[in-house]
Structures are given as C-alpha cells and as structure tokens.
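> 3D, please:
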Amino acid sequence: MNLSVKKIFEMVTDMFSNSPQENDSVARLLENAKNEIRDIRANIDMVNDSDVLDMYIYRLKAAEAQYRQLLKMAKESGNRKKTG
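Numbering: from 1, shown residues only. Okay, the predicted model is just below:
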C-alpha cells in the first residue's frame, strides 16, 4: 500500500502540532506516546517506499525516546510525592 504525499504531509504536520499542553498530566502524555508507538508499529508494515519507511523509523525512535523521558518524569514525580 503506497501512502500519498498528502497523507504523509498530514501525518508529519500532526506529529509537530501535538505538542504537550502545560495542563496535561504525565500519565495522559504517557498514554498518548504509547498509542503513537502502537500506531506507528501498525502502519510501518504497510509501507513500500523506502523514504516513507525512514520517516516511520524516525517517528518511532522519537516516540520511544519521548515515552522513556515521560517515564522518568513520572517516577521522579512519584518519588517527590512520597518524600515531600
């Protein structure tokens, strides 16, 4: 299945427009990152174009890094609540 240029543009635009809002909780951001990882993994199998595959790989790595960072934040926040 080939993805159209328009669809790819929409996906990339969505990726950059979904920056976290200050009022979002870490748990909600974790859930969003987990869903993004799941969605990317589901779509990566349908890609036939090497450039689009590269895009998905970069998106996956970025989403996984974001998830790891959010986990650290959640752990630190939990430790502060226990000690503070």
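
> For this protein, which segments count as helices?
5-17, 26-44, 50-83 (DSSP state H).

> Switch the ones you listed over to JSON lines; also include mean neighbour count and mean pLDDT.
For the C-beta atoms, the positions are set from N, CA and C on the backbone; glycine is no exception. Shown next, in JSON lines, are these (neighbours: other CB atoms under 10 Å; pLDDT from 0 to 100):
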{"stretch": "helix 5-17", "mean neighbour count": "11", "mean pLDDT": "59"}
{"stretch": "helix 26-44", "mean neighbour count": "15", "mean pLDDT": "91"}
{"stretch": "helix 50-83", "mean neighbour count": "13", "mean pLDDT": "85"}
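
> contacting residues for the closest residue in space to N43 that isn't next to it in sequence?
What sits nearest to N43 in space, not counting adjacent residues and going by CB to CB, 6 or more residues apart in numbering, is Y56, at 6.6 Å. By CB atoms under 8 Å, 6 or more residues apart in numbering, the contact list for Y56 reads I40, N43, I44, V47.

> mind checking how far the last one is from I57?
Distance, V47 to I57, using CB to CB, to the nearest Å: 10 Å.

> ok, the contacts of Y56 vs A74, which is closest?
Lowest distance from A74 to the contacts of Y56 (CB to CB) belongs to I40, with 21.4 Å.

> residues in contact with that closest one?
Taking CB under 8 Å, 6+ apart, we find I40 in contact with Y56, R59, L60, A63.

> now do 6 Å
Contact analysis of I40 by CB atoms under 6 Å, 6 or more residues apart in numbering lists Y56, R59, L60.

> how close does the nearest residue to it once chain neighbours are set aside sit to L29?
Distance criterion CB to CB, 6+ apart; nearest residue to I40, sequence neighbours excluded, is L60 at 4.7 Å. Distance, L60 to L29, by CB to CB: 17 Å.

> cool, and N48?
From N48 over to L29 the distance is 32 Å, taken as CB to CB.

> Then R38?
15 Å.

> Please apply the same query to A74.
Following CB to CB, the distance that separates A74 from L29 is 9 Å.

> again, but for V52
As judged by CB to CB, V52 and L29 stand 26 Å apart.
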